[in-house]
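Student: predicted model, plus sequence, below.
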Amino acid sequence: MSMSFYVPAEQQMKDKADFARKNIARGKALATLRYADGILICAENTSATLRKVSEIYDRIAFAGAGKYNEYDRLRIAGVRHADLKGYSFSREDVDAQSLANAYAQMIGDVFTHEIKPMEVELVVAELGLEEAQDRLFHIFYDGTVVDETDFTVLGGGEADTIMERLTAAYRGDMSLPQALSAAVAALAGPDRTLAAAELEVAVLARGAGRRAFRRLTDEEVDGALAGAEVAVEPEAPPAPPADEVATPTETSATGDETPPAEPAGDADADETTEEG
């Protein structure tokens, strides 16, 4: 008669957590941060077809790190959850908090009851009508939900280091080019350079209307990193040529202003030009 081995619950949970963390760290990291006019999600991704960042609903975005087939399945479940709630009630009732709670329950149930946990970390971002209403939720592999304030980093073997770099560079009033530059610098580190083709960038823009989600093309990413979208102070108009400077009026002894005398031959010169 074979005897089953007993494994303490604490050891089992620790083994599952170590397994999930190790496999999530193999993937590429992504950063999500708020900027002056919306929310930016910047992921290191060389694939042109496999997306780490997606739209869930009108003003809600989703991003995942870890095992692609698992977080893409969660993305589809989130789209269905949001569509059903929006259809049953109203579009305004769909929010990131309820979606993050649904994700946490799904991931937590798998972590607790299944042999293999899900090798994913998720972020759910919601753009509010006002800046104070923006929401960022970070969901971990065990179902833990963290309500982030300004930014968060997912996946990658250097997530803590990337977080430190982003903390040092982040400001709440940054423009989109500044926020993108800070995110790319944090992801790349001091020894690497990331080109636009190696990045997947999307924004939830406050001025984009009902559907706030928009992907940035490689050209837009290059332009933003080069500072092309940064507002430039208008240059002062060039000084007029010397012959176009107005001659100051002369003042007579009585105080009346006397117009300057016209040089002789101007009328003849004008007539010659017209005839020619």
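Tutor: Arrived safely.
Student: and the pLDDT at the closest residue to residue 55 other than its chain neighbours?
Tutor: Leaving aside its sequence neighbours, residue 55 sits nearest to residue 213 (C-beta to C-beta, 6 or more residues apart in numbering; 3.9 Å). For every residue, glycine as well, the C-beta is placed using N, CA and C. Reported pLDDT at residue 213 in the predicted model: 96.
Student: what's near enough to touch residue 213?
Tutor: By C-beta atoms under 8 Å, 6 or more residues apart in numbering, the contact list for residue 213 reads 55, 59, 61, 202, 203, 204.
Student: relative to residue 131, how far out is it?
Tutor: Distance, residue 213 to residue 131, using C-beta to C-beta, to the nearest Å: 17 Å.
Student: next: residue 215.
Tutor: 22 Å.
Student: and what of residue 7?
Tutor: 48 Å.
Student: so those two - more neighbours on which side?
Tutor: Taking neighbours as other C-beta atoms under 10 Å, residue 7 and residue 131 compare with residue 131 leading, 14 against 9.
Student: for that one, list the residues it contacts.
Tutor: Contacts of residue 131 by C-beta under 8 Å, 6+ apart are 34, 206.
Student: now it: how far from residue 97?
Tutor: 17 Å.
Student: same question, residue 43
Tutor: Taken as C-beta to C-beta, the span from residue 43 to residue 97 is 23 Å.
Student: same question, residue 6
Tutor: 39 Å.
Student: show me the contact partners of the longest helix seen in the chain.
Tutor: Assignment by DSSP state H gives helix 68-88 as the longest helix of the chain. Helix 68-88 has contacts (C-beta under 8 Å, 6+ apart) with 50, 52, 54, 56-57, 60, 62, 64-65, 93-94, 98-99, 102-103, 106-107, 118-120, 122, 124.
Student: pull out the buried positions in that helix.
Tutor: 68, 70, 71, 72, 74, 75, 78, 79, 81, 82, 85 (16 or more other C-beta atoms under 10 Å).
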